[in-house]
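>>> I'll drop the sequence and a predicted model, then ask my questions.
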Amino acid sequence: MTPRKAHPLPGHRPSRSFARSWTVVAIAAASALALAGCSSSDGADKEPAADAKPQLSVTGAYMPEPVTKDMGGGFLTIANKGGADKLTSVTTESAKSAGLHETVDQKMKMVKAFDIPAGGALKLERGGNHIMFHDLTELPKKGDKIAVELHFEKSAPIKAELDVKAPTYNPHSH
């Protein structure tokens, strides 16, 4: 027979049912804390409903300084905290025309629109989807700003300014 270990409180031995009750309470409390850590009380982790109104904002807008007035590229991110939308066009007074382009297998192709997912973002970046400016009215220099208006399928237009950066600028390396 194995001797029992002494209890830390002399003369006191909890019953087995008492010990089991505390074990159950401890497990329940730990589970509740773990579940609470997986969600937020403000609903920020919930995906927007499919029919929710888009909530768009623009960040990181820039244009690398173009070499000639013939063409230039524009890059930015459109974040969306609401329902899905589409970027359908871009207008500017700084170029004769501006269009939406995608790059597939290192070839550019004009597209009619870019999807902006619900609760997601559309990233226009070097080597991928971008805004293409044709026949710039003036050759922009580093430090200038190019005003654009972004047009969407559901949302009102958004005005944004693209900061003209060095020709080799890449936000991923800065």
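Now that the structure is in, tell me what you want to look at.

>>> mind showing which ranges of this structure have poor pLDDT?
Low-confidence segments of the chain, defined by pLDDT under 70: 1-47, 50, 174.

>>> rerun at 80
Screening the chain residue by residue with the criterion pLDDT under 80, one finds the ranges 1-51, 173-174.

>>> where along it do the strands fall?
For the chain, the strands identified by DSSP state E occupy 56-64, 71-80, 85-91, 95-104, 107-111, 114-116, 121-124, 130-136, 145-152, 158-165, in order along the chain.

>>> CSV for those, including distance to A49 and mean neighbour count?
Quick note: C-beta positions are derived from backbone N, CA and C, even for glycine. Compiled in CSV, the strands of the chain are given as follows (distance: least, C-beta to C-beta, whole Å; neighbours: other C-beta atoms under 10 Å):
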stretch, distance to A49, mean neighbour count
strand 56-64, 16, 18
strand 71-80, 13, 20
strand 85-91, 14, 18
strand 95-104, 27, 16
strand 107-111, 27, 11
strand 114-116, 16, 18
strand 121-124, 18, 18
strand 130-136, 30, 20
strand 145-152, 18, 18
strand 158-165, 22, 18
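
>>> would you list the ones you listed in TSV and tack on distance to P48?
Formatted as TSV, the entries for those read as follows, by distance: least, C-beta to C-beta, whole Å:
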stretch	distance to P48
strand 56-64	12
strand 71-80	8
strand 85-91	11
strand 95-104	24
strand 107-111	24
strand 114-116	12
strand 121-124	13
strand 130-136	26
strand 145-152	16
strand 158-165	18
